[in-house]
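**Student:** Turn this into a structure:
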Amino acid sequence: MTTRSGGLGRKVPAGLFDAGLSSLATFVVGVTAAQLFDASTLGVYAVFFTAHQLGVVLPMFLIYLPAEVKAVAYDPSHRIPILRSSVPVGLVSSVIALVAVAMAMVIVSAHADWTTIRNLAVTVSVPTVLMPAQAHVRRMLHVAGHSWRAASISAVQLVATAVALVALILLDVADSLVPFGAFSIAAMVSLLAGLVIAASLRQRGAAAVGWRELVASGRWLLVTGIVPNVAGFAIASLVGSLAGTEALGYAEGARLASQPLSVLGVGLNASLGPRSMEAAYDRDRAAARHVARVFIMIIVVFTLVALAATGGAWPWNPLSWLVSQAYELPGLTALMILGGALAGAVMPAQRELYGGGYERPLAFIEVVASLVSIAVATTTGLIGAYAVPASICISSVWRAAHYRHALNRMYGTPGATKDAGSVTAITAAVPENTAG
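**Tutor:** Sure thing, here's the model as predicted:
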């Protein structure tokens, strides 16, 4: 059974390869931070990391994603030129989003020396501005049918990250400049590579888009995207304040150790998300369930493998010494892996709601789910670092229940009113965690 975009098997490799390389690059950055920092400093790093995640949401959902929707109104051979107007507008909005980095500086001011805070803040600011644009270029290449070119940009990012890390360490710069410093260099190099690759296609035809037009179409998408990231920032702040940055460092280590599962989810979402949304647009519940079953089956199998391989400080687990902070608290990484699995399992239902034109109910669900996750995080005083994966698990279960209720209503509504081009654009622009 297939939807309008064709079979599942042909689309998975490019999406997984692209997401895998991009996430591997930032995974290497995170592992380097875990090697360089003690648990307390790693906790400070985690606050800046969540600030970065929050900062990239504004341009991604408010500017870049609506631009990708606009691009699909054109023939695939005429979509790339929209980058000429979307990238400059998006970069301006990214600068505004740096307020999240300033907030992080205030939050950690009592937990680290000024030099460390300044170095982390300055170096994280560059990828916060540039990485959303790089991800936008990659997604536009997917939209235009050049998925392997998009993956090549992630390959450049990975190589640039590795070279930058080695260079910074050999130059003996301050430890606090190394992780995000390498991330900054990789962001600049890979964005430039992406723009060169896009320009080499020599496409013509797409009209310029203004910021007013983009903002008007992106407001509901912004709510859906920004609320969970605001919640993540709030949770990191709560854990750091109530349990200390050392506990937050343990949670950050567990997040790094569970990241391969997140990479799988992002790759599957990029590959299979369009099928979920097209099936929902067509109100073909059987097709949507088929895609969801494939998605969830892969998640379940990979989760079992991840628990066996990296769920504990086993002798065969290389992460037990690469990210030793992840295994200081028994069961923390295993719980984080479970949280990642639950978060991944609800992705098909979320994409169906997008495809069926249910952005407003989806925004409401995300707001309440984020409040649930923050409420769970307030138990940090009792359960410490375990509050982070617990908030992910419980909010994911809440999402699953309410997504299902919304889907039951949606599939009971005959017909679809959304323009088909918009559906295709949104699916091709599946939001991802640009920080990995």
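
**Student:** Show me what the helix or strand containing residue 334 is packed up against.
**Tutor:** Using DSSP states H and E, residue 334 sits within helix 332-345. Applying 3 or more C-beta pairs under 8 Å, 6 or more residues apart in numbering; DSSP states H and E, one finds that helix 332-345 contacts helix 245-257, helix 259-281, helix 285-310, helix 387-411. In this view, the C-beta of every residue, glycine as well, is placed from N, C-alpha and C.

**Student:** Please name every helix or strand in contact with the helix or strand just after that helix.
**Tutor:** Per DSSP H and E, the first helix or strand lying C-terminal to helix 332-345 is helix 347-355. The contact analysis (3+ C-beta pairs under 8 Å, 6+ apart) places helix 347-355 against helix 259-281, helix 285-310, helix 359-377, helix 387-411, helix 420-428.

**Student:** Out of those, which is closest to residue 238?
**Tutor:** For residue 238, the closest of the helices and strands packed on helix 347-355 is helix 359-377, at 4.7 Å, according to C-beta to C-beta.

**Student:** okay, the very next helix or strand once past that closest one in PDB with CA atoms only?
**Tutor:** Using DSSP H and E, the next helix or strand after helix 359-377 towards the C-terminus is helix 380-383. Backbone C-alpha positions of helix 380-383 (Å, rounded to 0.1, in the frame of the first residue of the first chain) are rendered in PDB as follows:
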ATOM      1  CA  THR A 380      13.100  17.500  40.400                       C
ATOM      2  CA  GLY A 381      13.500  18.200  44.100                       C
ATOM      3  CA  LEU A 382      12.300  14.600  44.800                       C
ATOM      4  CA  ILE A 383      13.700  12.600  41.900                       C
END
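
**Student:** for the record, mean pLDDT for helix 380-383?
**Tutor:** Mean pLDDT, computed over helix 380-383, is 90.

**Student:** Pull out the buried positions in it.
**Tutor:** residue 380 (16 or more other C-beta atoms under 10 Å).

**Student:** contact partners of it?
**Tutor:** 238-239, 242-243, 247, 387, 390 (C-beta atoms under 8 Å, 6 or more residues apart in numbering).

**Student:** Closest one to residue 289 out of those, please.
**Tutor:** Nearest to residue 289 among the contacts of helix 380-383, with distances taken as C-beta to C-beta, is residue 390, at 29.5 Å.

**Student:** ok, the nearest residue to that closest one once chain neighbours are set aside to residue 387 distance?
**Tutor:** In space, and not counting its chain neighbours, residue 390 is closest to residue 376: 5.4 Å by C-beta to C-beta, 6 or more residues apart in numbering. Residue 376 is 6 Å from residue 387, where distance means C-beta to C-beta, to the nearest Å.

**Student:** do the same with residue 350
**Tutor:** Applying C-beta to C-beta, the value for residue 350 to residue 387 is 24 Å.

**Student:** can you check residue 262 too?
**Tutor:** Counting by C-beta to C-beta, the gap from residue 262 to residue 387 is 19 Å.

**Student:** Any regions of the stretch 151-300 of the chain where pLDDT drops low?
**Tutor:** The stretch 151-300 of the chain contains residues with pLDDT under 70 at 203-221, 270-271, 274.

**Student:** Mind doing that once more with 90?
**Tutor:** Low-confidence segments of the stretch 151-300 of the chain, defined by pLDDT under 90, span residues 151, 201-234, 236-245, 247-248, 252, 256, 259-283.

**Student:** ok, back up a step: out of the helices and strands packed on helix 347-355, which one sits most buried?
**Tutor:** The highest mean neighbour count among the helices and strands packed on helix 347-355, using mean count of other C-beta atoms under 10 Å, belongs to helix 259-281: a mean of 26.

**Student:** Against which helices or strands is that one packed?
**Tutor:** Helix 259-281 sits against helix 12-36, helix 285-310, helix 332-345, helix 347-355, helix 420-428, with contacts defined as 3+ C-beta pairs under 8 Å, 6+ apart.

**Student:** Rounded mean pLDDT for the fourth one, please.
**Tutor:** Spelled out, it's helix 347-355. The average pLDDT for helix 347-355 rounds to 87.

**Student:** Which residues does it contact?
**Tutor:** Under the criterion C-beta under 8 Å, 6+ apart, residues 265, 268-269, 272-273, 276-281, 288, 291-292, 295-296, 359, 361-362, 399-400, 403-404, 406-407, 410, 418, 423, 426-427, 430 lie in contact with helix 347-355.
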